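Student: predicted coordinates and the sequence they were generated for:
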Amino acid sequence: MKVGVVTFPGSLDDVDARRAVSIGGNEAVALWHGDDDLQGVDAVVLPGGFSYGDYLRCGAISRFAPVMTSVIDAAGRGMPVLGICNGFQILCESHLLPGALIRNDHRKFVCRDQRLRIERVDTPWTSAYAAGAEVTIVLKNGEGGFVADEPTLDMLEGEGRVVARYLDDNPNGSLRDIAGVSNERGNVVGLMPHPEHAVEDLTGPGTDGLGFFTSLASSVFA
Amino acid sequence: MARYVVDVMPKPEILDPQGKAVHGALPRLGFAGVTDVRQGKRFEVELEGEPSDALLAEVREMAEKLLSNPVIEDFEVHAQ
């Protein structure tokens, strides 16, 4: 499959994400924020970083980049879209996902290996995991606190749309320990930790993140 | 020239870590008795033409679409 990875001005993890896509067995295609042509990709990753310097709000300006018009349109037709960290923030600002991400409650940037539980495994990004799988993936954010009003949180829980939840310490004040959510259909997933940094033994805490990049093929050809 | 001010504030129920940091610093400077600080944003928007209901509505639309995030923030628009 061809997986597009969008580079915004200020993206940091686009190259790592493309590398993870390749290691996951798919073809990585570099997409540019100023170009609304998705180049025929089958899925899109919005990588981490500080797009547009996090000016105004994280993801607020990226949401209106030309490429996002196409991504939002394609997501509506069911194309798999994964937003990691800043990408998650962009998906929330785009209203493809509910809620918002605010500054960490302890006000410090956090960078560590984070234990997670994968709770929704019927998405094109998580089907390689067993339901309830406990994994360790790199986490690094300053504004990773997931917030939404109580009815929205109840809806996410009730519809099984919490994709991943923090185990042990909650690193950023996210409500109900939520680390990642999906849209109703499951094709759009936002995740605050960085699975693309956990795909090789040489670097990072292991290869627990690889499933996010190998799931695509298995979910399509299943 | 029409000039409008948009004030954006975190919703009361949303944690405001920046406001808390400022609140925590004030007593160290000798400002006692501060019970709360909330930090928001102020935008000054200038538009061509004279102030009008139509321009006010346009600025409100800007505030809804870009200047604020309705999930976490409230805004107010007023002419200056």
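Tutor: Yep, it's here. Residues are numbered from 1 along each chain as shown, chains lettered A, B, ... in the order given.

Student: list phi and psi for the residue at the greatest distance from the centre of chain B.
Tutor: Within chain B, the residue lying farthest from the chain centre (C-alpha atoms, centre = their mean) is B:Gly30, at 26.9 Å. Per-residue torsions, B:Gly30: phi 100, psi 0 (degrees, to the nearest 10).

Student: got it, and B:Ala21?
Tutor: According to degrees, to the nearest 10, B:Ala21 has phi -60, psi -40.

Student: who touches it in this structure?
Tutor: The contact partners of B:Ala21, by C-beta atoms under 8 Å, 6 or more residues apart in numbering or on different chains, come to A:Arg107. Placement of C-beta: from N, CA and C, glycine included.

Student: pLDDT at it, what is it?
Tutor: Confidence at B:Ala21, expressed as pLDDT, is 93.

Student: can you tell me, leaving aside adjacent residues, what's nearest to A:Ala133?
Tutor: Once flanking residues are discounted, A:Ala133 sits nearest to A:Ile118: 4.6 Å by C-beta to C-beta, 6 or more residues apart in numbering or on different chains.

Student: near the one you found, how many other residues are there?
Tutor: Around A:Ile118 there are 27 other residues, counting by other C-beta atoms under 10 Å in any protein chain shown.

Student: residue contacts, it?
Tutor: A:Ile118 sits next to A:126, A:129-135, A:163-164, A:211 when contact means C-beta under 8 Å, 6+ apart.

Student: again with A:His197
Tutor: Contacts of A:His197 (C-beta under 8 Å, 6+ apart): A:13, A:16, A:137-138, A:203-204, A:209.

Student: returning to that earlier point: looking at the residue farthest from the centre of chain B now. What's its pLDDT?
Tutor: Reported pLDDT for B:Gly30: 95.

Student: distance of it from chain A?
Tutor: To chain A, B:Gly30 is 22 Å away according to C-beta to the nearest C-beta, to the nearest Å.

Student: can you check B:Gly19 too?
Tutor: Distance, B:Gly19 to chain A, by C-beta to the nearest C-beta: 10 Å.

Student: so what's that residue up against?
Tutor: B:10, B:36-39.

Student: ok, so of those residues, who is nearest chain A?
Tutor: B:Pro10 (7.9 Å; C-beta to the nearest C-beta).

Student: who touches the closest one in this structure?
Tutor: B:Pro10 neighbours (C-beta under 8 Å, 6+ apart): A:102, B:16, B:19, B:38-40, B:72-73.

Student: and it, backbone torsions?
Tutor: According to degrees, to the nearest 10, B:Pro10 has phi -60, psi 140.

Student: can you verify B:Arg3 is assigned to a strand?
Tutor: Yes: membership of B:Arg3 in a strand is supported by DSSP: H, G, I helix; E, B strand; the rest coil.

Student: list the contacts of it.
Tutor: B:44-47, B:51, B:79-80.

Student: can you tell me the SS state at the closest residue to B:Gly40 other than its chain neighbours?
Tutor: Nearest residue to B:Gly40 in three dimensions, chain neighbours excluded: B:Met9, at 3.8 Å (C-beta to C-beta, 6+ apart). Assigned with three-state DSSP, B:Met9 falls in the strand class.

Student: give me the element residue 20 is part of.
Tutor: Looking at chain A here, since you left the chain open. Assigned by DSSP states H and E, A:Ala20 belongs to helix A:14-23.

Student: my question was about chain B
Tutor: Assigned by DSSP H and E, B:Lys20 belongs to helix B:17-25.

Student: following that helix, which helix or strand comes up?
Tutor: Assignment by DSSP H and E places the next element after helix B:17-25 at strand B:41-47.

Student: now do the same contact list for residue 48.
Tutor: Answering for chain A, as no chain was given. With C-beta under 8 Å, 6+ apart, A:Gly48 has these contacts: A:11-13, A:17, A:84-87, A:140, A:194, A:196.

Student: if you could check chain B rather than the one you did, that'd help
Tutor: Residues in contact with B:Glu48, defined by C-beta under 8 Å, 6+ apart, are B:1-2.
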